[in-house]
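[1] structure, please.
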Amino acid sequence: MKFLFLTLVALATSCGNSARTESEDPAIYVKRIHHVDRRVPYSFKFYVASRKPLRKEKVHLMKVAKGEDRPNLVDTLFKVELRFLSREEIKKWRETVQNRGPVPHFEHVIVGEVQTEELHCRDNTHYLVRYGEHHMEEPFPRHLSHPGAFFISVADCMNPHPNPQGPPIFVEGFQVATLNQNHSFEFVVAAVQPIYESQIYLKKILQAENGSVGSVIDARFEFSTARLTAEELEDLNERKRDPSKAQYKEGVKGTVNTGRLTCEDQGPYMVLYGRWREEFTNPHPSPRPRPRGFFFIVVDGCDPPQLE
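    Just a heads-up that it's a prediction; the model follows:
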């Protein structure tokens, strides 16, 4: 049986970042990031669409709240009015969203009209529009690929990054170095939102006695950071897998020097950003897809990692 630690090793040898898309029914359309003023009411809409009949009582707007072990999804205090679109309204709505890509021929669409009261920093967090049975304080999904996920960013509040995994991190996932030699490499942290170099961390993942993930500690390696130039940002945006998505506006390049490597340096590491570094001290038992910023260093001249 492969333990979690060895699963991380195997993940390091897989291909780089990949997006997995699934055909979901119903589909949910909502603006991903809402920039709002503090102490001011705000309104917005979301849409739930399907080829099959929908039920309004199965549409829920949830807020991410702090739980004992991990974040939970709870009901919001926002006022939400739901109604079905007419055939003519569906036609006009499809014409609007088709500008962003192909839209299936939905027969049924529910629009949710959301009205908040004055927004404060407690409202500055992640939210989720979901369709299905209602469950109070259900676990917050670790990897938010759900199309109903969005973020409300309240002005003058300290923002957790809109992406629960943090901003995109680019680093070579599997690196081979030489025993007793220095190894150097680079990583890049890029985002639409501001990036603070002081929030970038380099961590080492230790193996527990039972083979699972143990402690996550600071790596001993030295690294320096520098802002990407305008030319480097332009090049990074051009190399995006989906150029139609929002362009990165900020980027930081990290240069790592390991110093003289020993066999104890062989293992999995992570580049982490911001407060989300804390969630990896108690990783989820199934870390798939590969956590953002994860990489593995193999030291040539040491016993190779055993996957079985």
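
[2] quick check, Ile269 in contact with Ile217.
    Actually, residue 269 is Tyr. It isn't Ile. No: at 10.3 Å, Tyr269 does not count as touching Ile217 under the criterion of CB atoms under 8 Å. To be clear about C-beta, it is placed using only N, CA and C from the backbone, and glycine gets the same treatment.

[3] give me the common contacts of the two.
    The contact sets of Tyr269 and Ile217 overlap at Lys203, Lys204 (CB atoms under 8 Å, 6 or more residues apart in numbering).

[4] higher neighbour count, those two?
    Higher neighbour count among Tyr269 and Ile217: Tyr269, with 22 against 11, using other CB atoms under 10 Å.

[5] helix or strand for the more buried one, which one?
    Using DSSP states H and E, Tyr269 maps to strand 267-273.

[6] which elements pack onto that strand?
    Helices and strands touching strand 267-273, by 3 or more CB pairs under 8 Å, 6 or more residues apart in numbering; DSSP states H and E, are helix 4-12, strand 169-171, strand 184-191, strand 200-207, strand 294-300.

[7] mind checking which helix or strand of the chain has the lowest mean pLDDT?
    Across the helices and strands of the chain, the lowest-confidence element by mean pLDDT, DSSP states H and E is helix 4-12, at a mean of 46.

[8] so what does the helix or strand following that one touch, helix or strand wise?
    Sequence order places strand 27-30 as the next helix or strand after helix 4-12, per DSSP H and E. Judged by 3+ CB pairs under 8 Å, 6+ apart, strand 27-30 is in contact with strand 43-50, strand 125-131.

[9] for Asp235, which of those strands is the nearest?
    With CB to CB as the criterion, Asp235 lies closest to strand 125-131 of the helices and strands packed on strand 27-30, at 30.6 Å.

[10] and that closest one, what does it pack against?
    When contacts are defined as 3+ CB pairs under 8 Å, 6+ apart, strand 125-131 packs onto strand 27-30, strand 43-50, strand 59-65, strand 149-154.

[11] one more time with 6 Å
    Counting contacts by 3 or more CB pairs under 6 Å, 6 or more residues apart in numbering; DSSP states H and E, strand 125-131 packs against strand 59-65, strand 149-154.

[12] what are the pairing partners of it, and which direction each?
    strand 59-65 (antiparallel), strand 149-154 (antiparallel) (DSSP bridges).

[13] what's the average pLDDT for that strand?
    For strand 125-131, mean pLDDT rounds to 88.

[14] mind putting the strands paired with strand 125-131 into a markdown table with mean neighbour count, distance to Asp303 and mean pLDDT?
    Shown next, in a markdown table, are the strands paired with strand 125-131 (neighbours: other CB atoms under 10 Å; distance: least, CB to CB, whole Å; pLDDT from 0 to 100):
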| stretch | mean neighbour count | distance to Asp303 | mean pLDDT |
| --- | --- | --- | --- |
| strand 59-65 | 20 | 43 | 87 |
| strand 149-154 | 21 | 42 | 85 |
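
[15] distance to Asn237 for those strands - can I get that in CSV?
    Shown next, in CSV, are those (distance: least, CB to CB, whole Å):
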stretch, distance to Asn237
strand 59-65, 29
strand 149-154, 21
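
[16] out of those, which is closest to Asp300?
    Comparing these against Asp300 with CB to CB, the closest turns out to be strand 149-154 (41.7 Å).

[17] tell me the angle that closest one makes with strand 43-50.
    Angle, strand 149-154 to strand 43-50, by axes from the mean of the first three to the mean of the last three CA atoms, to 10 degrees: 180 degrees.

[18] run the chain-centre distance for strand 149-154.
    Relative to its parent chain, strand 149-154 has a centroid offset of 13 Å by CA atoms, centre = their mean, to the nearest Å.

[19] what does it contact?
    By CB atoms under 6 Å, 6 or more residues apart in numbering, the surrounding residues in contact with strand 149-154 are 30, 32-36, 38, 119, 121, 123-124, 126-128, 159, 162.

[20] before I go, just wanted to say thanks for your time.
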